[in-house]
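**Student:** quick one: sequence and predicted model below, then my questions.
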Amino acid sequence: MTVLSKTGQLRSLEGRHKQLFRLVELSVTLNSTLDLNELLNLITATATELLECEAASILLYDEKNPRLFFAAATGSDPAELAKIPVPIEGSLAGTIFRTNQPMVLNNVEQDPRHYSLVADHIKFKTKSLLGVPMPIKDRVMGVLEAVNKREGAFTDSDVAILSVTAAHAAIAINNARLLKATQRALEKVKDTNQIKSNFLAIASHELRTPLGIVIGYATFLQQDSQGENSENANHVLNAAEQMRALLDQMSNLTLLQSDDLGLKPVKVSVQDILNFSIDEIKYPASRKDLQLVYAFGDDPIYVDMDMQKTILAYVNILNNAIRFSTDGGEIVIGAVEQGNNILTWVQDRGIGIPVDKLDKIFEEFYQVEPPNSRSHGGLGIGLPIARGLIEAQGGKVWAESEGKGKGSTFKISLPKM
Ligand code: ADP
């Protein structure tokens, strides 16, 4: 007698050990699976096995139409089951969901809350049922049900095991849903970004032809006229040139988003890059009476870079230094060797940049001044272009400023040849 009960005890311990082992296994698999359907099938299969019952099902809460729906069930077609709505009020699963409490029923068909629509639909007779809520943070996401215990009735230990399974399952389902939502959002962002890129490419291309005509005729007019007329034509020409510069920036941004930047690296000295860049902005600097200070030596320091595109990056930064400086100020352009790199900088004594915006200004279309109160114009793409072009060649660009009114320094580090 004693021997028999010991064997019985041993068997029950063994069974329990197996259950716990399976539970740990499930938890590991759940954490490594992010496919929602795979997860749902795994949960129902494991619940059926762990509780030694005929079937298990997962009902999830549908927030849009407040009701539960079958997300998975062993041996049934989930698509068919999903068509059957399970009300929150007046159904067993609904009661478990609402009360956030497990429920054990060993004679289901006699319970008035038994929702026979499901049984009718799948020709499945529910005799005994154990249902537990699936908790996630402070809410319930659904209900996990085990149906028809093969031998005997559902026990307290079954309740504990199914509750742990449900808690793990809820986290895994939530993660899978979050991942899906993030992927969807990412796709949307990608689509929007593509639309923006296409628009930029088309707009800059389409505006170029009429602008060419404006510039052509304004040049004739300027050459053929005198006095006030010539001056007026000159205004038109200046405005058109400004527009062309903006269109060039738009094209450069589109170029940056393409896979191939078409870089043609050559051996060139940093001094040449800086001097050519400064040549391009000398005129606008003189119009604001800005003094350009050269803080670099004559001994050439070489880099292996695309000259034209690197100059473009510097011109963008120099143009900003001019635009954001007050008349009569000073702009310092410097370079110094630093190990394997050459550190160059453009320092102005202009309006400065708030410290918390020093990174943001490199984002496309970002401008410190809100769009409706901008007094400096621009599209907010000069810096992303500069950074993109320099980084694509192994360099770095960043901004430093002690804040508003304290001037700004843009640093560009280039890899030495
Ligand atoms: P844009 O100058 O056309 O607006 P950018 O991408 O070149 O576009 O610059 C983004 C923003 O960074 C500017 O609108 C301005 O707010 C800020 N910024 C850039 N350079 C300077 C500078 N030298 N001094 C102060 N603010 C600057």
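**Tutor:** Arrived safely.
**Student:** please point out which parts of stretch 316-330 sit buried.
**Tutor:** Buried residues in stretch 316-330, counted by 16 or more other C-beta atoms under 10 Å: Asn316, Ile317, Leu318, Asn319, Asn320, Ala321, Ile322, Arg323, Phe324, Ser325, Gly329. From N, CA and C alone the C-beta is placed, and that goes for glycine too.
**Student:** just curious, which of the residues you listed is nearest to Leu274?
**Tutor:** Of all the buried residues of stretch 316-330, Leu274 sits closest to Leu318, with 9.4 Å by C-beta to C-beta.
**Student:** distance from the helix or strand Gln183 falls within to the middle of the chain?
**Tutor:** Here Gln183 is covered by helix 156-224, with elements defined by DSSP states H and E. Remark: helix 156-224 is offset 9 Å from the chain centroid, using C-alpha atoms, centre = their mean, to the nearest Å.
**Student:** mind listing what the single nearest residue of the stretch 101-250 of the chain relative to the ligand touches?
**Tutor:** Closest approach between the stretch 101-250 of the chain and the ligand, counting by C-beta to the nearest ligand atom: Gln249, at 7.5 Å. Counting by C-beta atoms under 8 Å, 6 or more residues apart in numbering, Gln249 makes contact with Asn316, Leu379, Ile381, Gly382, Ile385.
**Student:** need the max-distance pair from those.
**Tutor:** Asn316 and Leu379, at 11.1 Å, using C-beta to C-beta across those.
**Student:** make sure Leu247 is indeed in a helix.
**Tutor:** Yes - under DSSP: H, G, I helix; E, B strand; the rest coil, Leu247 sits within a helix.
**Student:** skipping adjacent residues, who's closest to it in space?
**Tutor:** Ser204 (4.7 Å; C-beta to C-beta, 6 or more residues apart in numbering).
**Student:** neighbours of that neighbour, just the number please.
**Tutor:** 18 (other C-beta atoms under 10 Å).
**Student:** specify the residue ranges that define each domain of this protein.
**Tutor:** Domain segmentation of the chain under automatic domain parsing yields 12-184, 190-257, 266-415.
**Student:** any idea which of these scores lowest on pLDDT?
**Tutor:** Ranked by mean pLDDT, these bottom out at domain 12-184, with a mean of 86.
**Student:** now it, how far from the centre of its chain.
**Tutor:** Taking mean C-alpha positions (C-alpha atoms, centre = their mean), domain 12-184 and its chain are 33 Å apart.
**Student:** could you tell me the end-to-end distance of that domain?
**Tutor:** 48 Å (C-alpha to C-alpha, to the nearest Å).
**Student:** do stretch 70-79 as well
**Tutor:** 9 Å.
**Student:** now do the helices in the stretch 301-417 of the chain.
**Tutor:** Per DSSP state H, counting those that start in this stretch, the stretch 301-417 of the chain carries helices over the ranges 307-323, 382-391.
**Student:** ok, back up a step: which strands or helices does the helix holding Gln183 pack on?
**Tutor:** helix 2-32, helix 36-50, strand 129-136, strand 139-149, helix 227-257 (3 or more C-beta pairs under 8 Å, 6 or more residues apart in numbering; DSSP states H and E).
**Student:** do that again at 10 Å, thanks
**Tutor:** In this structure, helix 156-224 packs against helix 2-32, helix 36-50, strand 53-62, strand 103-105, strand 129-136, strand 139-149, helix 227-257, with contacts taken as 3 or more C-beta pairs under 10 Å, 6 or more residues apart in numbering; DSSP states H and E.
**Student:** tell me what angle it forms with strand 139-149.
**Tutor:** 140 degrees (axes from the mean of the first three to the mean of the last three C-alpha atoms, to 10 degrees).
**Student:** how much does helix 156-224 deviate in direction from helix 2-32?
**Tutor:** Going by the same axes, to 10 degrees, helix 156-224 makes 10 degrees with helix 2-32.
**Student:** from the buried residues of stretch 316-330, pick out the ones that also neighbour the ligand.
**Tutor:** Residues of the buried residues of stretch 316-330 in contact with the ligand (C-beta under 6 Å from any ligand atom): Asn316, Asn320, Ala321, Phe324.
**Student:** in the stretch 301-417 of the chain, what residue comes closest to the ligand?
**Tutor:** Gly378 (2.3 Å).
**Student:** tell me the contacts of the nearest residue to that residue once chain neighbours are set aside?
**Tutor:** Spatial nearest neighbour of Gly378, excluding adjacent residues (C-beta to C-beta, 6+ apart): Gln367 at 6.7 Å. By C-beta atoms under 10 Å, 6 or more residues apart in numbering, Gln367 lies in contact with Lys357, Lys360, Ile361, Arg374, His376, Gly377, Gly378, Leu379, Gly380, Ile381, Leu383.
**Student:** quick one: closest of the helices of the stretch 301-417 of the chain to Trp398.
**Tutor:** helix 382-391 (8.4 Å).
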